[in-house]
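> quick one: sequence and predicted model below, then my questions.
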Amino acid sequence: MQIEVAGNPVELAEGASCADALQKGLSKKQFKMVVAAKCEDTILDMSTAVPTPCTTIEPVFADSEEGLGVIRHSAAHLMAEAVKKLFPTAKVTIGPAIQDGFYYDFDYERPFTPEDLEAIEKEMLSSVGANKDFVRSTMSKDEAKKLFSDMGEDYKPEIMDDLGVDEFSIYTQGDFADLCRGPHVARTGMIKAFKLLSVAGAYWRGDEKNKQLQRIYGTAWQDPKALKKYLHRLEEAKKRDHRKLGKQLDLFSFNDEVGPGMSLWHPKGMLLRAILEDFERKEHLKRGYDLVQGPLILKREMWEKSGHYENYRENMYFTEIDDQAYGIKPMNCLAHMIIYKRKTMSYRDLPQRYFELGVVHRHEKSGVLHGLMRVRTFTQDDAHLICRPDQISKEIIDLIKFYQDIYSLFDYEFDVELSTRPEKSIGSDEDWEVATEALREALNESGMEYAINEGDGAFYGPKIDFHLRDSIGRSWQCGTIQVDFTLPERFDIVYVGEDGEKHRPVMIHRAMLGSIERFIGVLTEHCAGAYPVWLAPVQARLLNVTDAQLDFVNEAKTLFASKGIRIEADTRNEKLGYKIREAQVEKIPYMLVIGDKEVEAGCVNIRSRDGEDPGLVSLEEAVQLILDAAKAPFETGGMSYSF
């Protein structure tokens, strides 16, 4: 039979494997980098016979996203094999590839230690050296259940029952076997670069009512160079950890007495938030938004009408007042619709754009809580645009431009995804199609490159997600835009058209920074706590050498504060070097040193955190230098901001 391999026609014998096809269609150098094959959208083991019908086979290279997924999945099996050899009574559950790595969950009688991880890694290297084949076989459900039951693997039969199929694929390498769809690399020797990273607790099936397992995390890459680069990035991420910096900069904290996932904002952290929120309000007002606010709790009937009670209830908190059930809001859209309905709107009144920095509560499982990145109470920079159907495209295009302006201000690049209808959703097929197409057209008209994320839309509508890339290459989902035909229908919101008849508007849900807490966490790691001058809670700190300069320090502080500069004075009886180092640790943009020489000249000696030290300048020049530094990002970005 004839088949096309990477654009080259290849003649194959019946029953030939994907490896046979790729070997004929690629150079030797190319073939060495292949870890799997791809027929249409299906990734296959190299040993799999070329399926019929299949007219084209593409190579899956080790350094591709799909190739890395295959390598990481195979490394997970390699790790499970090593665990079973070293700890025979450990029971194996699931072990998928994840972004940048893999994990496996084990049921074992004691916690794994760092020494255990070293031993497991050593055993994995031994298996790599043995270059064992990954072999796929199929079994009936009864055969597979007996195999794993005889092995003492109690979790596998439960998984098989839930999958609801009668035949299963089993992968083995050496003496280790596991239930798995695959695909895998051909041999263990192809797993060239990996590292075990950590151990964490994980409930079976993610349910806190189930037994807690131990999850071993690892990473795997196409070669040692890529692994080394990733491990360096991890070390850099540790230095930038917003939880560590939040404590170091005295911004925020968490306290078990208060409750998990609920942040406490200290004075400097709250000032940082206030500056950011004030900036957002001003930017929204300039773009034709109205500021609104809804209550923290709404009657349960509202959440039933919206569909949240049916589709989102497990993430909500409920309470009761005067025998009436209320839901604590996880989002702000319901109140905004009621605000819209306060009067009859004409087609001339649309769009209505409502903006709220709304505090919301969501019941996140304790195992996923992570500093400011995943909390239970947070503030959304939430807006709802209620518009005519013919206005959808322009509103979304304007939103995309708004997002671009704001993200560039913080020096972010970003990736975009269009997420389509999920399995659990409300609304008609026609409305979903119109909404999805509106988002697609706006992205295309804006010239945006984007990926399709099938089935990951909100339950009430499709969405665009914006994933910010930080300074060390990590991706963070922050902004979102969602088109919703369903809630306006459910809450019967209307406008009067040119024809004098009532018509149904469309609601666009959007959050730009997303959660203020999460955005500050991401930004803290992005800039390693060295916030841009305009956002820094303390922009400058005066440092005296001795008490002889106290009067001049106070005079300078008064002047700087009168010009709108956020200024502190460190007049403690400490050595100057100590005070400078402390200011550097706290990431203060400017340190203004005052000694006898500076007092005599009526000047300050400026030291900046980035090492550019203007030296001795007058107080007026120092004021202007700091104000210019604060305005610079806005001027280069074509925006304005009054301080």
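Everything's here; your move.
> quick one: contacts for the nearest residue to residue 307 once chain neighbours are set aside?
Sequence neighbours aside, residue 426 is the residue nearest to residue 307 in space, at 4.8 Å (criterion: Cβ to Cβ, 6 or more residues apart in numbering). For glycine as for every other residue, the C-beta is placed from the backbone atoms N, C-alpha and C. By Cβ atoms under 8 Å, 6 or more residues apart in numbering, the residues touching residue 426 are 307, 311, 459, 460, 486.
> from the residues you listed, which would you call buried?
307, 311, 459, 460, 486 (16 or more other Cβ atoms under 10 Å).
> closest to residue 99 out of the residues you listed?
Taking Cβ to Cβ as the measure, residue 99 sits nearest to residue 459 out of those, at 24.2 Å.
> gap between that closest one and residue 486?
From residue 459 across to residue 486, the span is 9 Å (Cβ to Cβ, to the nearest Å).
> doesn't residue 235 fall inside a helix?
Yes: assessed by DSSP: H, G, I helix; E, B strand; the rest coil, residue 235 belongs to a helix.
> so how many other residues sit close to it?
Residue 235 has 11 neighbours, counted by other Cβ atoms under 10 Å.
> show me the shaky parts of the protein.
636-643 (pLDDT under 70).
> 50 instead, please
Residues of the chain meeting the criterion pLDDT under 50: 643.
> returning to that earlier point: same list, the contacts of residue 426, but as CSV with distance to residue 253 and secondary structure please.
Converted to CSV, the contacts of residue 426 look like this (distance: Cβ to Cβ, whole Å; DSSP: H, G, I helix; E, B strand; the rest coil):
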residue, distance to residue 253, secondary structure
307, 37, coil
311, 34, helix
459, 34, coil
460, 36, coil
486, 40, helix
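> and those residues, which two are furthest apart?
Longest distance between any two of the contacts of residue 426 is 10.9 Å, between 311 and 486; criterion Cβ to Cβ.
> nearest residue to residue 200 other than its sequence neighbours?
Residue 200 sits nearest to residue 215 (Cβ to Cβ, 6+ apart), 4.9 Å away.
> actually residue 255, not the one I wrote
Nearest non-adjacent residue to residue 255, counting by Cβ to Cβ, 6+ apart: residue 264, 6.2 Å away.
> thought that neighbour was touching residue 256?
No: between residue 264 and residue 256 there is no contact under Cβ atoms under 8 Å: 11.5 Å.
> so for these two, which residue has more residues nearby?
residue 264 (11 against 6).
> hmm, back to that, in TSV: the contacts of residue 426, plus distance to residue 443.
Below are those laid out as TSV (distance: Cβ to Cβ, whole Å):
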residue	distance to residue 443
307	26
311	26
459	22
460	20
486	22
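> nearest to residue 236 among those?
Lowest distance from residue 236 to the contacts of residue 426 (Cβ to Cβ) belongs to residue 459, with 37.4 Å.
> please report how far that closest one lies from residue 28.
Distance from residue 459 to residue 28, by Cβ to Cβ: 51 Å.
> just residue 180 next, same as before
For residue 180, the distance to residue 28 (Cβ to Cβ) stands at 30 Å.
> of these two, which one has the most company?
Comparing residue 180 with residue 28 by neighbour count (other Cβ under 10 Å), the higher total belongs to residue 180, at 21 against 7.
> if residue 418 is in a bridge, with which residues?
In this structure, residue 418 has the following beta-bridge partners (DSSP bridges): residue 452, residue 464.
> OK, contacts around it?
Applying Cβ under 8 Å, 6+ apart to residue 418 gives the contacts 436, 439, 440, 443, 450, 451, 452, 453, 462, 463, 464.
> now the buried members of those.
Looking at the contacts of residue 418 with 16+ other Cβ under 10 Å, the buried ones turn out to be 436, 439, 440, 443, 450, 462, 463, 464.
> next, the residue nearest to the fifth one when sequence neighbours are not counted: secondary structure please.
The reference is to residue 450. Counting by Cβ to Cβ, 6+ apart, residue 416 is the residue found nearest to residue 450 once chain neighbours are left out, at 4.1 Å. Of the three states, residue 416 takes strand according to three-state DSSP.
> and residue 416, how many residues sit next to it?
Each residue near residue 416 was counted by other Cβ under 10 Å, and the total is 18.
> was I right to think it contacts residue 466?
Yes: judged on Cβ under 8 Å, residue 416 makes contact with residue 466 at a distance of 6.0 Å.
> give me phi/psi at the closest residue to residue 458 other than its chain neighbours?
In this structure, residue 458 finds its nearest non-sequential neighbour in residue 482, 5.3 Å apart by Cβ to Cβ, 6+ apart. Main-chain dihedrals, residue 482, degrees, to the nearest 10: phi -130, psi 140.
> residue 403 now?
Per-residue torsions, residue 403: phi -60, psi -40 (degrees, to the nearest 10).
> contact partners for the closest residue to residue 484 other than its chain neighbours?
Distance criterion Cβ to Cβ, 6+ apart; nearest residue to residue 484, sequence neighbours excluded, is residue 461 at 4.0 Å. By Cβ under 8 Å, 6+ apart, the contact list for residue 461 reads 427, 432, 435, 482, 483, 484, 485, 486, 509.
> for residue 461, give its distance to residue 485.
Taking Cβ to Cβ, one finds residue 461 at 7 Å from residue 485.
> with residue 493 instead?
For residue 493, the distance to residue 485 (Cβ to Cβ) stands at 11 Å.
> C-terminal to the one helix or strand the residue nearest to residue 255 maps to, what's the next element?
Of the helices and strands defined by DSSP states H and E, residue 264 is found in strand 263-265. Sequence order places helix 267-286 as the next helix or strand after strand 263-265, per DSSP H and E.
> after that following helix, which helix or strand is next?
Following helix 267-286 in sequence order, the next helix or strand is strand 290-291 (DSSP H and E).
> related to what we said a few turns ago, give the residues shared as contacts by residue 461 and residue 485.
427, 432, 435.
> now do the SS call for the second one.
Classification of residue 432 using three-state DSSP returns helix.
> tell me who's in contact with the closest residue to it other than its chain neighbours.
Leaving aside its chain neighbours, residue 432 sits nearest to residue 421 (5.0 Å; criterion: Cβ to Cβ, 6+ apart). For residue 421, the contacting residues are 432, 436, 455, 457, 462, by Cβ under 8 Å, 6+ apart.
> narrow those to those in strands?
Among the contacts of residue 421, no residue falls in strands (DSSP state E).
> let's have those in CSV, adding distance to residue 620.
Output for the contacts of residue 421, formatted as CSV (distance: Cβ to Cβ, whole Å):
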residue, distance to residue 620
432, 61
436, 57
455, 60
457, 55
462, 55
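> just give me the closest of those residues to residue 517.
Nearest member of the contacts of residue 421 to residue 517, counting by Cβ to Cβ, is residue 457, at 24.0 Å.
> ignoring the adjacent residues along the chain, who's closest to that closest one?
That would be residue 419: by Cβ to Cβ, 6+ apart, it lies 4.4 Å from residue 457.
> what segments of the stretch 401-550 of the chain are helices?
Remark: helices assigned in the stretch 401-550 of the chain by DSSP state H, counting those that start in this stretch are 429-445, 486-490, 516-526, 550-562.
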